Structures are given as structure tokens and as C-alpha cells.
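In: Need coordinates for the below:
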Amino acid sequence: MFMISWSFHLYNTEKVQAYIKKNRRLLSFGISLDGCKELHDACRVFSDGKGSYDIAVAAAIDYMENYDANVSTKMTFAPENIEYAYDAVINLIGLGYKVIHCNPIYEDKWNDEHPKIYYQQLKKIADYILDNKYYEYLFFRPFEECAGQPNDLLHHNENYCGSTGCMLACDYKGDIYPCIRFMKSSLGENVEPFKIGNVHDGINKLPVHKERVN
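Out: Reported below is the predicted structural model:
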């Protein structure tokens, strides 16, 4: 399976729709939504400053109705939005999501108060799920039984980073990266993108690519 990331404003274009229809059985497809409109539009904007929530929601609902009702989404928690985690998750459930993944930002922006806020937000989310019996079908990543636990002996040499080859990322030029965190959009302007190949030439062909893969 190959994971491709599109900007959701391209979702309704003829080429993207044709690609989805052709590869739907091999496609891992997700549209990131940061919970509710206010939070999403505060982070995910177009070059003119306009928020993208309405477009993203329309694409997500269309995909659920026409391709896969069990499509997942992934929220990103940050110090600026952690106090709204409950509102965000409730909105996603209301949109029909049954699989909700959550990741914190990895940058050093957190302080000692944020875990306390997160804990209270998770308690409210748990009560909501229990009261409405959503636990019968809803997957919410922070409530996974293995959360906070070490890997068992069978999987002790694994982690949840996709850069070992299971989450290859490809940009619009056809350049291939170990995962999206190695692309220019994640690394910034001062670090060389960590390419390991190209769709036209293959992976691990050049000496620099072999060195990076090793």
C-alpha cells in the first residue's frame, strides 16, 4: 500500500477522482480535520488566509458516502488547541467518523500545565463516548489499550514511525521520501530534503540515496 497526501482542494478534480476510483482497494485515504471549524481554520489556511474547513469537510463527507464509510481522520494536538480537544472530537463524531487518530506536535512547545488540561479533556470525551455507547464501534486512538504501554516482546523492536518503508511519501515531482516528515514541508528551508529516490528512476539508486536508506 502506498500513502499519498493531496491537498483537499484538489479532491473534486477529475484526475484525483479517477485515481481514487481506479485504486480504491489499494488506497489508504484520509483527510485531516482539526476537529471543529474554529480550530481547523486557525491552522489550515490557503495562501490568501482563507480557512479550509468547509472544503475539507465536504470532501470527507463525499468520500464517506461514496467510497468508504469507515475512513479515518487524524487530529493534531498543540498547546494552542489542547483545551478544545473535547469540542473537536465531538464534532468529528457528529460528522460520522468512526476512526479518529490523534498526534501531538513534536516540537518543544509544551509546559507542565498542558498534560493537566489534556487529562480533563480526555475525561469529558470518555464520558461522552460512554453515555452514548459509541464505544461499540468508535476507535479513538488515545483510548487504545496499549496507549502508554511498552511494546510486547513480539514487537519490541518496532515503533510507530513509518520511515522503515511502510509509509513512503511522494511529492508532486515524483521524489520519494521515507515518510512525510522528511519532506521540505516538514524540515523547513535550512535542511536538505531527505530524498531516497524518484518514481521514474526507482528507490535506492544513487549513492546518496543508498547511504540514507542504510
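In: Please determine how far Phe182 is located from Ala169.
Out: 7 Å (Cβ to Cβ, to the nearest Å). For glycine as for every other residue, the C-beta is placed from the backbone atoms N, C-alpha and C.
In: Could you list the residues in contact with stretch 168-178?
Out: Stretch 168-178 is contacted by residues 2-5, 162-165, 167, 179-180, 182-183, 193-200, 203, 212 when judged by Cβ atoms under 8 Å, 6 or more residues apart in numbering.
In: This structure: strands as residue ranges?
Out: 72-77, 99-104, 139-140, 169-170, 175-177, 197-198, 202-203 (DSSP state E).
In: Show me what the helix of greatest length in the chain is packed against.
Out: The longest helix of the chain (DSSP state H) is helix 114-131. With contacts taken as 3 or more Cβ pairs under 8 Å, 6 or more residues apart in numbering; DSSP states H and E, helix 114-131 sits against helix 85-95.
In: In contact with the spatially most central residue of the chain, which residues?
Out: By Cα atoms, centre = their mean, the mean C-alpha position of the chain lies nearest to Lys74, the distance being 4.1 Å. Applying Cβ under 8 Å, 6+ apart, we find Lys74 in contact with 30, 32, 100-103.
In: Most neighbours among the residues you listed, which one?
Out: Sorting the contacts of Lys74 by how many neighbours each has (other Cβ atoms under 10 Å) puts Ile100 first, at 22 neighbours.
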